[in-house]
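In: Just to be clear, the model below is a prediction. Sequence and coordinates:
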Amino acid sequence: MDLADSGTQRRLGAAVASVALAIAVALALDWPLADIVTVGFVERALQAATPIALAALGGLYAERSGVFNIGLEGFMIFGAANTGALVWLIGGESPTQADLWLAMALAVALSAVYTVLFAVLLIRYKANQIVAGLAVWFVGLGFGPFTAVLVWGNRNSPGLVSVEDVTVPVLADVPVLGPILFDTSPLVLFTIVLAVAAWVFLYRTRYGFWLQAAGENPEALDTAGVDVNRVRYAAVIFSGVMAGFAGAVLLAHAGSFTGTGQTMVNGRGWIGIVAYLFGNYNPLGAAAAALLFGGLDMLQIQFQTVGIEFPNRLVNLFPYAAVVLVLTVWGSTRMPSALGEAYESDD
Amino acid sequence: MTDADSDRARGTLDRLADRLLDASVGERVAIATASTGLALLIGLVVVALAGYDSMAFLENVAVGAFGDANALARTLKFTTLFVLTGVAVAIAFRAGVFNIGVQGQFVVGGFATVVTILWLAPLLPTGATGGVLLMLLGTAAGVVAGGAYAAIPGVLKAYGDANEIVTTIMLNFIATGVVGYFVDGPFRGEGNRAPNTARIPEYVSLPRLVFDVPDFSVVGLAVTLAVVVAVAWVLARTRFGYEMVTSGHQVAAATFSGVNARQTVVATMTLSGMVAGVAGALFAIMIQGYYSDPAGIGTYGFDAIAVSLLAANNPLGVLPAGLLFGGLDSAGSHLRINSDVPVQLIDGIIGLVVLFVAAPELFRMAAVRLGLGGED
C-alpha cells in the first residue's frame, strides 16, 4: 500500500477533477478567483488544516493497528482545555511564548496518561471501541467546559497567548512559497514534517509493517513472535497523544479557550477521521485531505473579502457538507480486516 | 437453495436472535448499575479535588431531581425527551446501525413542527379543536421531517457505503447550522430581538394535568409511553422488527434467509428518525412554544446514545435509563442555581457512565476478583 496503489491514484485523480470543476464553476460565475485564492488564504488554510491533520495521523495509526479510536474529538477537547488551563496556571494574566510551549508539552503528556487508561479499557478489557470512543467525546464535552469554569469562572477563557510565527531569513523572501512556508506558525511546519515522517515510518520501517500486520493479520504477526497487543497499545497511545497535541495546537493558534456549543474543537476530530478515510489510510493522503477541509473552513473569510453574498452561518457548514459528499462518493474504503476485534493470543 | 436449507437457515437465525436478545438481562442490569455507581464515585472525587463539598453535591443532586413536585415535574420533562430520543437510538443500534444523528433529526423535527403550526394556524379554527388539530398536524410534520432527515444517512450507507457514524455526526452539525440560520433570518418572528421564530398560539398547548407547570404535561409522558410500547411491539412481534434485528446481528445469515439488507438499513434509519421527530415535536410544543437557535438547546440526541447504551438498546430498558438521565439533568438545573459546583460536571459523569458501560469485561473481572460469582 503506497502512493502508487490504484485506489490512491483514483482518489487523487478524482480530487484533482473536483478542484478543476470548482475552478470552472467559479470562472463561469465570474468570481474573482485570484482574489479568493491568495497567499493569505493558503496560509490560513494550512493553519486550519494543522489540527485536523495531526488528529488524522494519530487516528490512522490506531486504525491501521486494528483499533478504531473514535474518541479523537474528545481527546482534542482535553488537549485544548488542558493547554489553556496550564498556560493560565504557569503564566497567569500575561503568559509568554515559553509558558505556552511548556503548557503544550504538559498537556500532551496528560493526553498520554488519559490514552493509556483508554487503551487499557479497549485492549485489556475489550471495551466496545465505538461506544468507548463516543464516551470519550461525551466526557470531553463535559469536562472541557468544567475545567474552564473551574479555572476562569466562565466556559470561555480570557485572551491568553497565541503562538508567534517563525520567519526563516532569506527563504521568507521567496515569492509565494516564502510567506506560506517560511513565515508562518512553527506548528504548521512541524505538522508537515510529522506527516512525512509518519509516511516513512509506516511504509519503510519494520515497525511500520508490524503496525499494518496488527490490523490486517494479527495471527501472522503473533506467529512471527511479535506481541500484537503491545503494537496496538503503542498505536492507540500515539493516536491519543496526537489528538491531544492537535487540541493544543488549536488553542495555540486561537489564543484562548472556548467551551460553549461543541467547544472550540467543533467537530475537527470527526473531520480528522474523515481525512484519513479520504486519504485511504495513507499519512500523506490524510494530510492532503486535511488541507482540503482546512481550505473549505477558511473560504468564508475569502468570500467576505471579495464580497460574495453568502450567509456566514451557511459558509461555516461547507466542511461538514464536503465530508458527507466525500464519504458518499468515496465511501467504500477498505478497512483493515481485523479492525474492531480484540486479539487474544493462544499462549 | 432447497426448502430444507432455507428452513435450517431460518431455524439457526431464530435461535441466534433469541440468544442475543435475551442475553442475561440480570448481568446487563448489574453492569449498568455498577457503571453508574463508579461514574458517580469518580464525579464525587472530582468535586472533592476541585475543593467543593462532595456530600453537599450529592444531596443537591438528589433534592434537585426528586425533592418536590416542581423538581419531579422537571425530571419527568427531561425524562420524556431522553426516553424518546433514547428509543430512537435504540432502534438503530438494535439493527446494527449507529445513528449518532438523533440530535439533528430531533432539531429538524422540532423546527418542522413549529413552522407547520405557524403556517396552518391562520387556516384552522382557534380554540381547543384547532389546538388539537394543529398539534397533531405539527407532530406529523415533525415525524416526517425527522424520518426524512434520518433516511439520508441510511441511503448513503446502504447504497453509497458511506460510514453512517461519520455522516450522521456531520448531518447534526448541518442541521444545527441551517436551522440556526433559518431562525436568525427567514423564519425569525416579527419584532424578535433574539434569533427565535414567532410563538405558536396559546391554544396550541398540552393541558396542565397533575403538575401545574408550564413546560411539562402528563399527556406528553403518555405519548412517550405509547411510542415506547409501539416500538417494543414492532421490534419483538413484527416481521419488520425481526428482519431489522437479525440483519443487525448477522448480515450474511439475514441475506441468506431473504432479507433485503439495504432496504432494512434505510427503513431502520427512517423509523429511528421518526421517533426522534416525535421528541422534537414534543420539545417544540410542550417545552418551548417556539423554535430557537438549536446551538443553544440541550443535547438530548447525544445523551440519548448514553441512555440507549445503558438500556442495552432495549426499548423498555430505556424507561429507567431515561429516568436516570432525566434526574441527572434536572439535578443539573437545580445545581446551576443552588450550588457553585460547575454543572458541566454532570455531562462528564454521563460520559463516564457510557465509558464504563462499554467495558463489561472490567466489571466481570472485578467481580471475579471480589469473588462475586463471575462464572460465565
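Out: Sure, I can see it.

In: CA atoms for contacts and neighbours, from now on please.
Out: Will do.

In: The stretch 1-150 of chain A: helices as residue ranges?
Out: A:6-28, A:33-36, A:39-64, A:72-91, A:97-119, A:129-152 (DSSP state H, counting those that start in this stretch).

In: Those helices: which one's closest to chain B?
Out: helix A:129-152 (4.1 Å; C-alpha to the nearest C-alpha).

In: what's the angle from the closest one to helix A:97-119?
Out: 140 degrees (axes from the mean of the first three to the mean of the last three C-alpha atoms, to 10 degrees).

In: Helix A:72-91 and helix A:129-152, what's the angle between them?
Out: 20 degrees.

In: got a pLDDT number for the residue in the stretch 151-300 of chain B that chain A sits nearest to?
Out: Closest residue of the stretch 151-300 of chain B to chain A, C-alpha to the nearest C-alpha: B:A162 (4.4 Å). Note on B:A162: pLDDT of 83.

In: on that earlier part again, could you export the helices of the stretch 1-150 of chain A as CSV, including mean neighbour count and mean pLDDT?
Out: Formatted as CSV, the helices of the stretch 1-150 of chain A follow (neighbours: other C-alpha atoms under 10 Å in any protein chain shown; pLDDT from 0 to 100):
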stretch, mean neighbour count, mean pLDDT
helix A:6-28, 13, 72
helix A:33-36, 13, 76
helix A:39-64, 27, 93
helix A:72-91, 28, 96
helix A:97-119, 20, 96
helix A:129-152, 24, 91
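
In: Nearest to B:A366, out of the ones you listed?
Out: With C-alpha to C-alpha as the measure, helix A:97-119 is the member of these nearest B:A366 (16.1 Å).

In: what's in contact with the closest one?
Out: A:75, A:78-79, A:82-84, A:86-87, A:90-91, A:161-164, A:233, A:236-238, A:240-242, A:244-245, A:248-249, A:252 (C-alpha atoms under 8 Å, 6 or more residues apart in numbering or on different chains).

In: tell me the secondary structure for A:V163?
Out: coil (DSSP: H, G, I helix; E, B strand; the rest coil).

In: Around chain A, pick out the residues from the stretch 151-300 of chain B.
Out: B:156, B:160-163, B:166-167, B:169-171, B:173-174, B:177-178, B:180-181, B:295-296 (C-alpha under 8 Å from any C-alpha of the partner chain).

In: Swap in 10 Å and give it another go.
Out: Contact residues, the stretch 151-300 of chain B versus chain A (C-alpha under 10 Å from any C-alpha of the partner chain): B:153, B:155-157, B:159-182, B:184-185, B:294-299.

In: Could you tell me which of these count as buried?
Out: B:153, B:155-157, B:160-182, B:184, B:294-295, B:299 (16 or more other C-alpha atoms under 10 Å in any protein chain shown).

In: now, which of those residues lie within helices?
Out: B:153, B:155-157, B:160, B:164-182, B:184 (DSSP state H).

In: same for chain B: which of the contacts of helix A:97-119 are within range?
Out: Of the contacts of helix A:97-119, not one also sits near chain B (C-alpha under 10 Å from any C-alpha).

In: quick one, what contacts residue 300?
Out: Since no chain was named, I'll use chain A. Contacts for A:Q300 (C-alpha atoms under 10 Å, 6 or more residues apart in numbering or on different chains) come out as A:I36, A:I308, A:F310, A:P311, A:N312, A:R313, A:L314, A:V315, A:N316, A:L317, A:F318.

In: My question was about chain B, not that one.
Out: Here B:Y300 is in contact with B:78-79, B:81-86, B:102-103, B:106-107, B:276, B:279-280, B:307, B:325-326 (C-alpha under 10 Å, 6+ apart).

In: What of B:S217?
Out: B:A73, B:L76, B:K77, B:S205, B:L206, B:P207, B:R208, B:L209, B:V210, B:F211, B:M286, B:I287.

In: Please apply the same query to B:A359.
Out: B:A359 makes contact with A:L121, A:L122, A:R124, A:Y125, A:K126, A:A127, A:N128, A:Q129, A:V131, A:A132, B:I31, B:S35, according to C-alpha under 10 Å, 6+ apart.

In: try A:F190
Out: A:T50, A:L54.

In: Look up phi and psi at the residue of the stretch 151-300 of chain B closest to chain A.
Out: phi -80, psi 130 (degrees, to the nearest 10).

In: Please report how far A:F138 lies from B:T246.
Out: Distance check for A:F138 against B:T246: by C-alpha to C-alpha, to the nearest Å, it reads 29 Å.

In: Kindly report the same for A:S157.
Out: On the measure of C-alpha to C-alpha, A:S157 and B:T246 end up 49 Å apart.

In: Mind checking which of those two has more residues around it?
Out: The residue with more neighbours, out of A:S157 and B:T246, is B:T246; 26 against 21, by other C-alpha atoms under 10 Å in any protein chain shown.

In: Surely that one is in contact with B:A95?
Out: Yes: taking C-alpha atoms under 10 Å as the definition, B:T246 is a contact partner of B:A95 at 7.2 Å.

In: Now do the same contact list for B:R94.
Out: B:21, B:235, B:241, B:244-249, B:268, B:308, B:312-315.

In: now swap in B:L328 and tell me
Out: Contacts of B:L328 by C-alpha under 10 Å, 6+ apart are B:61-62, B:64-65, B:75, B:78-79, B:322, B:334, B:346-347, B:349-350.

In: ok, which pair from those residues is furthest apart?
Out: The widest separation within these (C-alpha to C-alpha) is 18.1 Å, between B:G322 and B:H334.

In: Could you check which of those two is surrounded by more residues?
Out: B:G322 (30 against 20).

In: Please state the mean pLDDT value computed over the host helix or strand of that one.
Out: Assessed by DSSP states H and E, B:G322 sits inside helix B:318-338. The average pLDDT within helix B:318-338 is 90.

In: Which SSE is immediately downstream of it?
Out: Past helix B:318-338, the next helix or strand by DSSP H and E is helix B:344-357.

In: Packing partners of that next one?
Out: helix A:129-152, helix B:25-49, helix B:300-310, helix B:318-338, helix B:360-369 (3 or more C-alpha pairs under 10 Å, 6 or more residues apart in numbering or on different chains; DSSP states H and E).

In: The same query, at a cut-off of 6 Å, please.
Out: helix A:129-152, helix B:25-49 (3 or more C-alpha pairs under 6 Å, 6 or more residues apart in numbering or on different chains; DSSP states H and E).

In: okay, B:V102: pLDDT?
Out: 96.

In: Would you agree it is in contact with B:F302?
Out: No: at 7.1 Å, B:V102 does not count as touching B:F302 under the criterion of C-alpha atoms under 6 Å.

In: What backbone torsions are found at A:G255?
Out: Residue torsions, per degrees, to the nearest 10, at A:G255 are phi 90, psi 0.

In: hang on, isn't it packed against A:S157?
Out: No: contact between A:G255 and A:S157 fails when scored by C-alpha under 6 Å: they sit 9.4 Å apart.

In: Between the helices and strands packed on helix B:344-357, which one is closest to B:G127.
Out: Among these, the nearest to B:G127 by C-alpha to C-alpha is helix A:129-152 (43.4 Å).
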